[in-house]
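J.: Got a predicted structure here, sequence first:
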Amino acid sequence: MKKIYSILIITLAVAVTTVSCSKDALETSPTTAVSGDGLFTNATAAMVPLNGIYRSMYTAGWSTTGNTHQCFGITAYNLMADVMGEDHIMSGQGSGWFWYDCTYNVKQRYTSGAWRSYDLWSAYYKWVANANYIIAAEETMEGLPSDVNYVIGAGYVIRAYSYFMLIQSFARTYKGHESDKGVPLYTEPSAAGTEGQPRSTVQQVYDQIVADIEKGVALLKDAKPQMHKSHIDYYVAQGIAARIYLTMENWSKARDAAAEARKNSSIGDKADLTAGMNSRTPKNVMWGAEIIADQSGIYASFLMHMDCKSPGYGNTAFKQINKQLYAKMGPNDVRTDWWDPTHPNNITDKGVELGYQQLKFRWLDKSLYTGDYIWMRNEEMLLTQAEAECRLGNDQAARDLLMQLMAKRDPDYTVNKSGTALGALTSDETGSLLEEILIQRRIELWGEYGRIYDIRRLKQGFTRTGTDGMGWPTAALITGRNTQNPESYAWVLTIPQAEFDGNKNLDQSVDQNPMDDGV
């Protein structure tokens, strides 16, 4: 019988392999496991497995047994969620990577270890398992308090983040579905014989997430500064907290966390935006991965899928913005440089115009296959703060925040809107201030955040249209899929078969998510 993937990390190699990296990077093998062999006697030693987790967040080939070119950690999952929405067009199947996510053709593949259900479940639960061992050393770890807090605090935040992403992938959104089945919870170190847990409710999972993120934030507030941009510090933890509270519709906590998260960064200007979004160093980047030559995934990497330079997957399955969203920008908006309305990739071999070719994400050095991954920016936190203020009825505060961003984007921009009305579909426009904030969020975070996560929490549906509207190719119009109903299970993944095979406390007949889109 296969082991449950909730505890599979314990089967990985315990030995730590140090790799070469730049002088400010502290990265180790992505398959570093944790154990009771003395790694956690002090905070300095505990940085080794913690860095192993961080490196796994951008490394391909460890979370699944196949299709690894679309499985390279956080950025891959953000791209997956982006192409599931209406704004991020794929021009065609290309080599197949991300196309099955884009066309909602993965749920029935839950019996395979090579597809998205297995990949997500395996990755996030491995991070949980590693975090549990780090957290378990909280009372005994030696070292300076600021060092111990840096390690233990990160452990709590990693666990909170992992469960947050799991619950967004394998259950419907929080509000209104609190009593639905969520995912199994593990908060103690596990071993090969550890008994699998049943599915906790959505509410129970979020209770654990909130407890973990609040503990992590408190510890990191008294920790040393961020050692490397890939590390989770106090400000990144507040940013993750803001994402969690936004999804839970706790507007005041989302506002406060986002405001606090922004304090160690600032809004990027044109120079920070137009170099290809491939560097972690600009003042607006809060969290991201440094991709150096000997750690590049080469073909198994984000920029290989995004940049249309040949050779590369981005040159066979073009990534484009939908034309309706592009039209929301003014002619002097600096973000128009992120896409090219006249690019030859916009026209199919049959003369049909699709969306507009993306230029937002490009190689830093194609010869070395380098270019950093960006996981969190100041602008996301500002837009979260603005949305929360609007939700709380503070329209002027929300407008002021939006103008702070747009002053760096479009000198002609003004906003006098108010209110929180949203349409049933994302294309049903109301003219409200909340809708305007969300439009700017869609433009600003295109390709970064994962659009489907926002669509779900907003309880909106969407419809893709072809060349008469958005510019989606006919093969990706997902006709017959219930994406118009926010209660749909269309974007709720199936639990991998291996989990049922190894977990006696899960009953596939009642615990598997629906294979169809029904409610």
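T.: Ah, there it is. Numbers count the residues shown, from 1 in each chain.
J.: For Leu383, give its distance to Glu188.
T.: 37 Å (C-beta to C-beta, to the nearest Å). Every C-beta, even on glycine, is put in place using the N, C-alpha and C of the backbone.
J.: higher neighbour count, these two?
T.: When Leu383 and Glu188 are compared on other C-beta atoms under 10 Å, the one with more neighbours turns out to be Leu383, at 25 against 9.
J.: packing partners for the helix or strand in which the more buried one is found?
T.: Per DSSP states H and E, Leu383 falls inside helix 378-391. On a contact count with 3 or more C-beta pairs under 8 Å, 6 or more residues apart in numbering; DSSP states H and E, helix 378-391 meets helix 234-248, helix 251-261, strand 285-289, helix 395-406, helix 433-444.
J.: same thing but at 7 Å, please
T.: Contact partners of helix 378-391 among helices and strands, from 3 or more C-beta pairs under 7 Å, 6 or more residues apart in numbering; DSSP states H and E: helix 234-248, helix 251-261, helix 395-406, helix 433-444.
J.: Could you say which of these is packed most deeply?
T.: Highest mean neighbour count of the helices and strands packed on helix 378-391: helix 234-248, a mean of 25 (counted as mean count of other C-beta atoms under 10 Å).
J.: lowest-pLDDT helix or strand in the chain?
T.: Least confident helix or strand, the chain: helix 270-273 with a mean of 92, by mean pLDDT, DSSP states H and E.
J.: if we look at that helix, which residues are touching it?
T.: Under the contact criterion C-beta atoms under 7 Å, 6 or more residues apart in numbering, helix 270-273 has outside partners Pro282, Lys283, Asn284, Val334, Arg335.
J.: Any of those buried? List them.
T.: Pro282, Asn284, Val334, Arg335 (16 or more other C-beta atoms under 10 Å).
J.: Quick check: chain neighbours aside, which residue is closest to the third one?
T.: Of all residues not flanking Val334 in the chain, Lys270 sits nearest, at 4.5 Å (C-beta to C-beta, 6 or more residues apart in numbering).
J.: Not counting stretch 382-398 itself, show me its contacts.
T.: 242, 246, 251-252, 254-255, 258-259, 262, 267, 401-402, 404-405, 418, 420, 433-434, 437, 440-441, 444.
J.: Show me how far that stretch is from its chain's centre.
T.: In terms of C-alpha atoms, centre = their mean, to the nearest Å, the centre of stretch 382-398 is set 23 Å apart from its chain centre.
J.: now for it, what's the gap between its first and last residues?
T.: One end of stretch 382-398 sits 10 Å from the other (C-alpha to C-alpha, to the nearest Å).
J.: Tell me the buried residues in that stretch?
T.: 382-391, 394-395, 397-398.
J.: Could you point out which of the residues you listed is nearest to Ser169?
T.: Thr384 (20.5 Å; C-beta to C-beta).
J.: Same list, the buried ones among the contacts of helix 270-273, but as TSV with pLDDT and distance to Asp222 please.
T.: As requested, the buried ones among the contacts of helix 270-273 are exported to TSV (pLDDT from 0 to 100; distance: C-beta to C-beta, whole Å):
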residue	pLDDT	distance to Asp222
Pro282	96	28
Asn284	98	26
Val334	97	39
Arg335	98	38
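J.: returning to that earlier point: distance of the residue nearest to Val334 from Asp517?
T.: 42 Å.
J.: Equivalent analysis for Ser122, please.
T.: According to C-beta to C-beta, Ser122 and Asp517 sit 25 Å apart.
J.: In terms of neighbours, single out the busier of these two.
T.: Ser122 (23 against 19).
J.: Got the confidence number for the more buried one?
T.: We have a pLDDT of 97 for Ser122.
J.: ok, and it, which helix or strand is that part of?
T.: With secondary structure defined by DSSP H and E, Ser122 is part of helix 116-136.
J.: Hey, what's the angle from the next helix or strand after that helix to helix 116-136? Just curious.
T.: Remark: after helix 116-136, the chain's next helix or strand is helix 145-170, criterion DSSP H and E. Between helix 145-170 and helix 116-136, the angle comes out at 160 degrees (axes from the mean of the first three to the mean of the last three C-alpha atoms, to 10 degrees).
J.: hmm, back to that, okay if I get the helices and strands packed on helix 378-391 as CSV plus distance to Ala43 and mean pLDDT?
T.: Putting the helices and strands packed on helix 378-391 into CSV (distance: least, C-beta to C-beta, whole Å; pLDDT from 0 to 100) gives the following:
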stretch, distance to Ala43, mean pLDDT
helix 234-248, 16, 99
helix 251-261, 24, 98
helix 395-406, 38, 98
helix 433-444, 37, 98
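J.: Just put those in TSV and tack on distance to Pro311.
T.: What follows is these, written out as TSV (distance: least, C-beta to C-beta, whole Å):
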stretch	distance to Pro311
helix 234-248	35
helix 251-261	39
helix 395-406	37
helix 433-444	30
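J.: for this protein, what are the low-confidence residue spans?
T.: 1-39 (pLDDT under 70).
J.: which residue is nearest the middle of it?
T.: Centroid-nearest residue in the chain, with C-alpha atoms, centre = their mean: Asn78, separated by 4.0 Å.
J.: And what about it, helix, strand or coil?
T.: Assigned with DSSP: H, G, I helix; E, B strand; the rest coil, Asn78 falls in the helix class.
J.: Test my guess that it contacts Leu445.
T.: No: if you go by C-beta atoms under 7 Å, Asn78 and Leu445 don't touch, sitting 9.3 Å apart.
J.: Assess the claim that Val415 and Arg399 are in contact.
T.: Yes: counting by C-beta under 7 Å, Val415 does reach Arg399; the two are 5.5 Å apart.
J.: now the helices: where do they sit in the stretch 401-519 of the chain?
T.: Applying DSSP state H, counting those that start in this stretch to the stretch 401-519 of the chain gives helices spanning 433-444, 451-458, 497-502, 508-511.
J.: Against Glu188, how distant is Gly182?
T.: Distance from Gly182 to Glu188, by C-beta to C-beta: 18 Å.
J.: And for Ser91?
T.: From Ser91 over to Glu188 the distance is 47 Å, taken as C-beta to C-beta.
J.: and if you look at Lys175?
T.: Distance from Lys175 to Glu188, by C-beta to C-beta: 29 Å.
J.: What of Asn278?
T.: For Asn278, the distance to Glu188 equals 40 Å [C-beta to C-beta].
J.: for Ala241, same thing?
T.: From Ala241 to Glu188 the distance is 23 Å (C-beta to C-beta).
J.: How about Phe500?
T.: Computed as C-beta to C-beta, the Phe500 to Glu188 distance reads 22 Å.
J.: With Glu435 instead?
T.: From Glu435 over to Glu188 (counting by C-beta to C-beta), the distance is 44 Å.
J.: Now distance to Pro341 too, for the buried residues of stretch 382-398, in CSV please.
T.: Converted to CSV, the buried residues of stretch 382-398 look like this (distance: C-beta to C-beta, whole Å):
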residue, distance to Pro341
Leu382, 27
Leu383, 24
Thr384, 29
Gln385, 31
Ala386, 28
Glu387, 29
Ala388, 33
Glu389, 33
Cys390, 31
Arg391, 34
Asn394, 36
Asp395, 33
Ala397, 35
Ala398, 30
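J.: Closest one of those residues to Ile152?
T.: Thr384 (26.2 Å).
J.: Could you check how far that closest one is from Tyr125?
T.: 27 Å.
J.: Repeat that for Gln226.
T.: Distance of Gln226 to Tyr125, computed by C-beta to C-beta: 26 Å.
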